[in-house]
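Asks: sequence plus predicted model, see below.
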Amino acid sequence: MKLPQKYILIPLDIYKKKRHNYGITNKLDAWLAFLTQEDPEEIIELIDKYPEFMELYQQLYDYCQNIEGVMEMFSKELHELDKNTVKYMIEEQQAEIEKQKKEIEKLKEQLVVLKK
């Protein structure tokens with residue numbers, strides 16, 4: 001499939017190991033570090049180098065403090081997932097019913113032919 005843009009897939013676990021050897025040298029490294037960072041000291045180092053990440057970390061911190069909001073978000077997503085699963089199962093059953101109807105029609109036709 002041809003797409004108008006190029007994609008580069010970066011395994012974050014491998015990047016995290018590499019970053020320890022080379023550090024954060026540019027904005028791309030900063031974004032990847034933001035996505036993989038767990039150590040508070042390294043987060044502070046990242047924010048010192050790139051202060052624009054402070055607001056993003058603050059938002060993440062606020063989300064973590066609002067447990068009810070996070071649980072509500074997951075509940076909504078699980079509800080949607082359940083709804084989609086039920087819809088998919090109904091569609092599969094409908095397709096099976098249609099297939100069985102066609103088989104019954106074929107059998108009826110064969111029965112009519114045999115009765116003659």
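Replies: Okay, I see it.
Asks: residues in contact with stretch 11-19?
Replies: With contact meaning CB atoms under 8 Å, 6 or more residues apart in numbering, stretch 11-19 is reached by 29, 32-33, 35-36. C-beta coordinates here come from the backbone N, C-alpha and C atoms, glycine included.
Asks: you'd agree residue 49 is up against residue 27?
Replies: No - checked against CB atoms under 8 Å, the pair residue 49 and residue 27 is beyond contact range at 10.0 Å.
Asks: neighbour count winner among these two?
Replies: residue 49 (15 against 11; other CB atoms under 10 Å).
Asks: which pLDDT does the model give the more buried one?
Replies: Note on residue 49: pLDDT of 90.
Asks: quick one: residue 84 from residue 90, how far?
Replies: Separation of residue 84 from residue 90 (CB to CB, to the nearest Å): 11 Å.
Asks: can you check residue 16 too?
Replies: From residue 16 to residue 90 the distance is 43 Å (CB to CB).
Asks: looking at those two, which one has more neighbours?
Replies: Of the pair residue 16 and residue 90, residue 16 is the one with more neighbours under other CB under 10 Å, namely 15 against 10.
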